[in-house]
Every structure is written in C-alpha cells, then in structure tokens.
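Undergrad: Here is a sequence with its predicted model. Questions after.
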Amino acid sequence: MRSDLAERPAFQSVLRYAQCWEDADVLLAALDIQPGDRCLSIASAGDNTLSMLACRPGKVIAIDLNPVQLAALELRVAAYRALTHAELLELVGSRPSDRRRALYARCRPQLSAGARDWWDARPALVQHGIGGAGRFERYLALFRRYALPLVHRRRTVAALLEPRPRAARRRFYDDHWDTLAWRLLFRAFFSEPVLGRLGRDPRLFAFAHDSVAEHLLARAEHALAELDPSENPYIAWILTGAHGATLPHALRPEHFDVIRAHLDRLEWRCEPLEALDAADLGGPLDRANLSDVLEYVSPEVARALVERLAALSRPGARLAYWNMIVPRRGADLAPSAVRTVPGCGARLARDDKAFFYRDFIVEEVR
C-alpha cells in the first residue's frame, strides 16, 4: 500500500496551510480525549494537534507527508514556549503587530535546523503573520482584497459580523448579503479550476464528482445565516484577515497554559500514515484526528489506511475526520475494522464553524 500523495514531490515542498481550517471544538467533542490517551493527529499547520494537548493526553503523535507543514507546527510549539499568549496572537496575525520579526527571533533558537532555515528564508511571511503564510491563506487574501470589495462594502462586511439572533441573521443574509453579484463572484472564485490553481492542489480533486463551488456556496450560507458569524474565527479571518473578537480553540487564553505545560507529550514525524509501526507508537492508539486525508486517495487506499489504523488501535478507539467533496467512510470501506458512532458526527457537523465540509465522521474501532 502506498498513498498517492506520498508520490507527489510538489505536494511536499509548499506550505499549503498556515492554519487548520477544521473546527477543533467539533474535533475534541468527537474524540472525547481522556487524560493519558495515546493520540494520532494529521499535523497540517499544528493548531488542532496543539488543541488536543489541552485534554492532557499521555502522548500526541503528529504526522505529515510535508516537512514544511511540520515547520509550521514547530514554530507554533516554539511560540508557546517562548512567548506570552498576547505575543503568540501577534505572531500568528490574530492581532495587529509591528514586531513579529522580533517575536520570531525569540522562537528561532528552539527550531530544528530545517524549520529554522525555511522560516529564515521567508521574513515577509513572518512579518505579515505566520497564520497567513500558507498557499490557501494567500488565496483567501486575494478573495478578501480584490474580489469581495466588488460585491460588498466594508460596512456590509462589518454588519455581517455583528451579533444577531438567528432570525435576524437570516434576514440580513437574505436582504443584504445574498445578492446575485455575490453568488456569481463566489461561484467563479471558488470554482474547481480557480481553487485548484491558486488555493488547493488540483490533484486533491481527483476523486470529486460534484460541483465544488455549489457545495461551498451552500456551506457558506449555513455559516453566515444559520450559525453566528460573530462567533466564528474562520469567517472573521476570511473576511477581515484577522480573528477578531473570537479565536480558534488552540489560541484561546484559557487553553494557553495547559497546552504549554503538555508540549513535552507531543512528537512529530514526516512520514505517511501507512508507515506507522506499532513498535514506534509505544502502545495502541486511543484517538486519531485524520483531518480529511481519506478523500484525497482512492477507495482502495482509503480502505487499507482504515484497516491499518484499526490494527494499531485498541478496541473502542475513536477516529474522527471530514469529507469535503468526496464521500469516504471507513465503516463503509472496512466494516470489519470500524463502526460509526451513531448520531455523533451528524450532530456535531451542524455546529461546525469551519464550514467547508460536507460530512464529519466519527468512528470506533471494533
């Protein structure tokens, strides 16, 4: 078994995500991590991996094919160790700052040589906030700076982010936001060709059959009208370039100290999921955050990955992951290995602030 993405050098040389665009509140509710649990996490930019430390697990093993993504995780770990909470928010870009290079200099001694070299070569990314440094975040910045002003003024954006009861949110969306110009622009900017060229690797849509733009437009409506955008840090970043009054789980002040206190329980590895070995894990897995990796691979590879993870986990261990476009469910692909936790994923998906995804799946190892 060999993951398709493991064969793609270009996929492994670019910082694709400088933030985790998956809701850690939903993830942690699904995994129900207990003190002492042994956990696996797709690293991505590191936010959700660090959020898992807030649950006081025994170990979190972060894994990623892309060494640049691990450089992003490393810098976050260094920032938790070297900076105050307020300074961390400045470095990420959640708050304004004119001293990010100085903050980075304080983190730099704690980085590995590879991570240090990568960030040293990109001072402009540090200066503008490391949370905006990824390919996907730069794509969203293009939308915010050049596309969105064509259809909505700043005061309309500010009004959208004001707290309102649900009925009032729906009226505002219908009367002021959901214009023909908005729908046309959204469908064009978030179409598969544009998103693939500027935002995500186009090969990640290899197994998609539905319209990406139509799916995202429907999910955006849910986030802007049904959920509360004033409490959504992902919406705030997309529309304003900062997190505003609300923060993702890992950046909230109440989690800062406990995450920092448990950093010694985190390790990271640059390898594919299928390379995991029971001897290296130190024992069976209890919880796994799989991001949305199953929809990037063929059904055959996805089934093999689920079976492999089940073999490395104790009975009753939980797996949680997202589908954006491509339906991939371990309980369908490998029913002898895992079963769906009834009602859990669908219930949590309704409250998912990171609105891109079609499904949130929570499964239990048999």
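TA: The structure has been received and is ready for your questions.
Undergrad: which SS class is residue 267?
TA: Classification of residue 267 using DSSP: H, G, I helix; E, B strand; the rest coil returns strand.
Undergrad: Heading C-terminal from the helix of greatest length in the chain, find the next helix or strand.
TA: The longest helix of the chain (DSSP state H) is helix 67-82. On the C-terminal side of helix 67-82, the nearest following helix or strand under DSSP states H and E is helix 85-92.
Undergrad: tell me what that next one is packed against?
TA: With contacts taken as 3 or more Cβ pairs under 8 Å, 6 or more residues apart in numbering; DSSP states H and E, helix 85-92 sits against helix 67-82, helix 100-107, helix 253-261. Where you see a C-beta, it was placed from the backbone N, CA and C, and this is true even at glycine.
Undergrad: between these, which gets nearest to residue 116?
TA: helix 67-82 (8.5 Å; Cβ to Cβ).
Undergrad: quick revisit: which stretch among the helices and strands packed on helix 85-92 comes nearest residue 51?
TA: Nearest to residue 51, of all the helices and strands packed on helix 85-92, is helix 253-261, at 7.1 Å by Cβ to Cβ.
Undergrad: Residues contacting the closest one, please?
TA: By Cβ atoms under 8 Å, 6 or more residues apart in numbering, the residues outside helix 253-261 that reach it are 50, 51, 53, 54, 56, 80, 81, 85, 88, 249, 250.
Undergrad: Which one of these sits in the busiest neighbourhood?
TA: residue 50 (28 neighbours; other Cβ atoms under 10 Å).
Undergrad: gap between it and residue 44?
TA: 11 Å (Cβ to Cβ, to the nearest Å).
Undergrad: Same check on residue 236?
TA: 19 Å.
Undergrad: Comparing the two, which residue is more hemmed in?
TA: Between residue 236 and residue 44, counted using other Cβ under 10 Å, residue 44 has the larger neighbour count: 27 against 20.
Undergrad: Could you tell me whether that one really is in a helix?
TA: No: under three-state DSSP, residue 44 sits outside any helix and is assigned coil.
Undergrad: Can you tell me which of the helices and strands packed on helix 85-92 is packed in deepest?
TA: Among the helices and strands packed on helix 85-92, helix 67-82 has the highest mean neighbour count (mean count of other Cβ atoms under 10 Å), at a mean of 22.
Undergrad: tell me what the longest helix of the chain is packed against?
TA: By 3+ Cβ pairs under 8 Å, 6+ apart, helix 67-82 packs against helix 47-53, strand 59-64, helix 85-92, helix 100-107, helix 113-120, helix 253-261, strand 266-270.
Undergrad: Pull the first one out as PDB, backbone CA atoms only.
TA: Right, helix 47-53. Output in PDB follows, covering the C-alpha atoms of helix 47-53 (Å, rounded to 0.1, in the frame of the first residue of the first chain):
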ATOM      1  CA  ASP A  47      -3.400  24.200  15.600                       C
ATOM      2  CA  ASN A  48      -5.700  21.200  16.100                       C
ATOM      3  CA  THR A  49      -2.800  19.000  17.200                       C
ATOM      4  CA  LEU A  50      -2.000  21.500  19.900                       C
ATOM      5  CA  SER A  51      -5.600  21.700  20.900                       C
ATOM      6  CA  MET A  52      -5.500  18.000  21.600                       C
ATOM      7  CA  LEU A  53      -2.800  18.700  24.300                       C
END
